[in-house]
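1. My questions concern the predicted model and sequence given below.
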Amino acid sequence: MSLFLGKTIPAIAVQILVDLMVIISGVIIFLGYYVAKDGFDNAIYNISSLLQIFEGRYFYTGFGIVLAVTMFGISAVIQTVSGTFILLLSASIGQLFNSHRILMGVVSFIVINRIIAAFEWVINLIVTEVAKADYYSTETGTIISLIFIAIINIAVLIISYVLNYYIISNKLNPE
């Protein structure tokens, strides 16, 4: 158990740091382009207008944006952790083969990801159809879809942890 967690926790931390670096780099590039294109005064005005929305000066719009950003953030963290566990599970599955271990690990990763993507596609399809039927708005449908996908990712995380623990402890015999 400590061997498994000892490799998982640093992998998750590194993956989250890499994701944050990509997001920050994108923001810096976008703001640099925006300031170069429209000037610094327009950029400051637009940023202050955006901050007013986040502060809730426009209650419904601000609440919707804050809720969406929060849900996207939670979903991204859950998906990052789930993806890390899937990578470790794929590596463990690849080690079960006598030859072509790396190839089998890559193939198992692709297969697992395609199965998860199929489930997420079905959920998005159902939520989109419900949103078209005027039960929910499109924005609410997106939030509901994110919640369901987060639930799937939590289930995948638990399943991949249990399978990986079983494979490592019973089949690979680490000492």
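-> Noted; the coordinates are in hand.
2. C-alpha from now on. contacts and neighbour counts both.
-> Will do.
3. hmm, which helix or strand of this structure has the shakiest average pLDDT?
-> Lowest by mean pLDDT, DSSP states H and E among the helices and strands of the chain is helix 40-55, with a mean of 62.
4. next helix or strand past that one?
-> helix 59-95 (DSSP states H and E).
5. Can you spell out which helices and strands pack onto that next one?
-> Packed against helix 59-95 by the contact rule (3 or more C-alpha pairs under 8 Å, 6 or more residues apart in numbering; DSSP states H and E) you find helix 2-38, helix 40-55, helix 101-132, helix 138-166.
6. rerun that using 6 Å as the cut-off
-> Contacts defined by 3 or more C-alpha pairs under 6 Å, 6 or more residues apart in numbering; DSSP states H and E place helix 59-95 against helix 101-132, helix 138-166.
7. what is the orientation angle of that helix with helix 101-132?
-> Per axes from the mean of the first three to the mean of the last three C-alpha atoms, to 10 degrees, the angle that helix 59-95 makes with helix 101-132 is 150 degrees.
8. Name the residues of helix 59-95 that are buried.
-> The neighbour-count check on helix 59-95 (16 or more other C-alpha atoms under 10 Å) flags 62-66, 68, 71-72, 75-95 as buried.
9. next one: stretch 9-18
-> In stretch 9-18, counting by 16+ other C-alpha under 10 Å, buried: Ala11, Ile12, Gln15, Ile16.
10. pLDDT averaged over it - what is it?
-> Mean pLDDT, taken over the full extent of stretch 9-18, equals 77.
11. In CSV, list the C-alpha atoms belonging to it.
-> In CSV, the C-alpha atoms belonging to stretch 9-18 read as follows (Å, rounded to 0.1, in the frame of the first residue of the first chain):
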residue,chain,number,x,y,z
ILE,A,9,0.8,11.1,-4.6
PRO,A,10,4.0,12.6,-6.3
ALA,A,11,2.6,11.8,-9.7
ILE,A,12,-0.7,13.6,-8.9
ALA,A,13,1.2,16.6,-7.5
VAL,A,14,3.4,16.8,-10.6
GLN,A,15,0.4,16.5,-12.9
ILE,A,16,-1.5,19.3,-11.1
LEU,A,17,1.6,21.5,-11.2
VAL,A,18,2.0,20.9,-15.0
